[in-house]
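>>> got a structure for you, letters missing:
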């Protein structure tokens with residue numbers, strides 16, 4: 001078992017000998033085996049345990065058991081208590097999903113704060129089989145049938161080389177104690193139902209079921225790697241990013257064969273599920289204006305484009321820019337350069353504003369637009385409502401929402417990436433120029 005572990009770690013480049021690993025240990029059979037294997041292999045590790053407060057005294061006993069395990073191995077121990085039920089109610093999610101979100105967020109917090117290189121979970125090959133069957137039942141693309149990755153950013157799975165029976169045999173041979181979680185036998189959880197009811201029945205007809213599914217997972221992973229390159233090729237053709245929006249040209253979509261596949265692969269990166277992607281696909285043959293949502297993004301079926309924007313910006317609606325700033329990064333990336341008028345070389349670009357520095361009142365303020373806003377567009381002597389300017393320039397709902405205004409006191413000097421105000425243009429009487437550049441992300 002130890003040799004297989006080391007071989008798995010080397011083949012998948014999970015971590016280096018010197019790396020510091022945070023083991024996530026529940027006290028159950030799998031994580032106890034993982035902790036012991038790391039201990040006898042002399043790896044540098046610590047142990048983290050979550051008490052979700054879902055099983056009363058049993059959960060407290062699990063916590064005490066894992067703490068004693070850490071003391072026995074003489075490694076650092078981290079633990080936390082979560083009010084999982086309250087979190088699930090507040091978020092409107094299942095208990096299982098709440099526990100997952102809480103633990104992974106906390107593991108990452110511990111990893112960064114205490115300088116661990118990786119977080120190790122005790123998933124094994126039977127978990128891969130169960131995950132594939134769950135995803136297949138729910139409906140998924142190829143990615144959902146590629147199983148569980150041995151390494152995913154800072155998460156590693158050192159036990160994927162083994163199955164549940166092998167782990168049990170290892171603990172029996174080493175006389176290691178572990179905690180039994182009674183909830184693992186409750187079949188109203190989908191994973192337990194598949195493990196306890198579905199897989200045993202299928203194995204009666206297909207004894208090699210698990211090994212065949214694992215082989216299929218490996219083949220699909222290889223196919224997925226090939227398809228990713230093809231999806232990237234198509235994505236470069238139809239998807240672009242400008243004005244803080246991801247834009248997909250609808251006219252280009254009609255030219256793509258197997259559009260449903262490509263659209264799902266591209267939009268799933270923004271959190272849109274297969275059902276929503278199907279609705280988006282159907283909207284291409286209807287009138288514009290419909291909006292679709294994923295947990296973090298919204299998509300507008302506009303006239304010419306599918307426009308994708310992040311929901312609930314983290315940034316304030318108004319930001320004062322400190323005097324003498326050279327640049328700001330958030331909420332948008334702007335650079336500032338004060339230049340003598342004689343040295344100015346005008347570049348015609350919507351991304352650049354050349355303003356008469358001496359007409360400005362500092363600090364400048366960056367803010368979102370309001371219904372009553374107006375400005376004097378460059379080349380015009382009469383004011384124009386921003387709402388009319390947006391209509392004339394055929395800005396979408398999302399483009400309006402993502403528009404930023406640069407203001408001097410209460411006057412608009414630049415609709416960023418659109419048009420400057422005529423009152424602040426440079427003239428032959430200008431002595432100093434403020435050059436402001438909008439940098440596309």
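Happy to help now that I have it. Everything quoted here is computed from the prediction, not taken from an experiment.

>>> now for the protein, the helix or strand with the poorest mean pLDDT.
None of the helices or strands of the chain scores lower by mean pLDDT, DSSP states H and E than strand 318-320, at a mean of 77.

>>> may I see the buried residues of that one?
Across strand 318-320, burial judged by 16 or more other Cβ atoms under 10 Å covers residue 319. The way it works is simple: take the backbone N, C-alpha and C, and place the C-beta from them, glycine included.

>>> and it, how far out from the chain middle?
Average the C-alpha atoms of strand 318-320, do the same for its chain, and the two points are 27 Å apart (Cα atoms, centre = their mean, to the nearest Å).

>>> in its sheet, what does it sit against?
strand 365-368 (antiparallel) (DSSP bridges).

>>> just how off-centre is the next helix or strand after the partner strand within its chain?
Downstream of strand 365-368, the first helix or strand assigned by DSSP states H and E is strand 374-375. Here strand 374-375 is found 38 Å from its chain centre; the criterion is Cα atoms, centre = their mean.

>>> ok, residues contacting strand 374-375?
Identification of contacts with strand 374-375 by Cβ atoms under 8 Å, 6 or more residues apart in numbering yields 383, 384, 385, 386, 389, 411, 412, 415, 419, 421.

>>> out of those, who has the most neighbours?
Neighbour count (other Cβ atoms under 10 Å) singles out residue 421 as the most crowded of the contacts of strand 374-375, with 25 neighbours.

>>> so who does that residue touch?
Counting by Cβ under 8 Å, 6+ apart, the residues that residue 421 touches are 375, 376, 377, 378, 411, 412, 413, 414.

>>> which residues does the fifth one contact?
It refers to residue 411. If you count contacts by Cβ under 8 Å, 6+ apart, residue 411 has them with 375, 421, 423.

>>> in the sheet, who's paired with the second one?
Translated: residue 421. In this entry, residue 421 is beta-bridged to residue 377, by DSSP bridges.

>>> that one and residue 387: what is the separation?
Using Cβ to Cβ, to the nearest Å, residue 421 is found at 16 Å from residue 387.

>>> what of the first one?
Between residue 375 and residue 387 the distance, using Cβ to Cβ, works out to 12 Å.

>>> who has more neighbours, these two?
Higher neighbour count among residue 375 and residue 387: residue 375, with 25 against 16, using other Cβ under 10 Å.

>>> for that one, give its distance to residue 407.
Using Cβ to Cβ, residue 375 is found at 10 Å from residue 407.

>>> also residue 219?
To residue 407, residue 219 is 58 Å away according to Cβ to Cβ.

>>> please name the nearest non-neighbouring residue to residue 14.
Closest residue in space to residue 14, ignoring its immediate chain neighbours: residue 156 at 4.5 Å, by Cβ to Cβ, 6 or more residues apart in numbering.

>>> how much space between the one you found and residue 422?
Look at residue 156 and residue 422: by Cβ to Cβ, they are 59 Å apart.

>>> more neighbours, these two?
Higher neighbour count among residue 156 and residue 422: residue 156, with 25 against 15, using other Cβ under 10 Å.

>>> where does residue 173 fall, secondary structure wise?
For residue 173, the host element (DSSP H and E) is helix 164-174.
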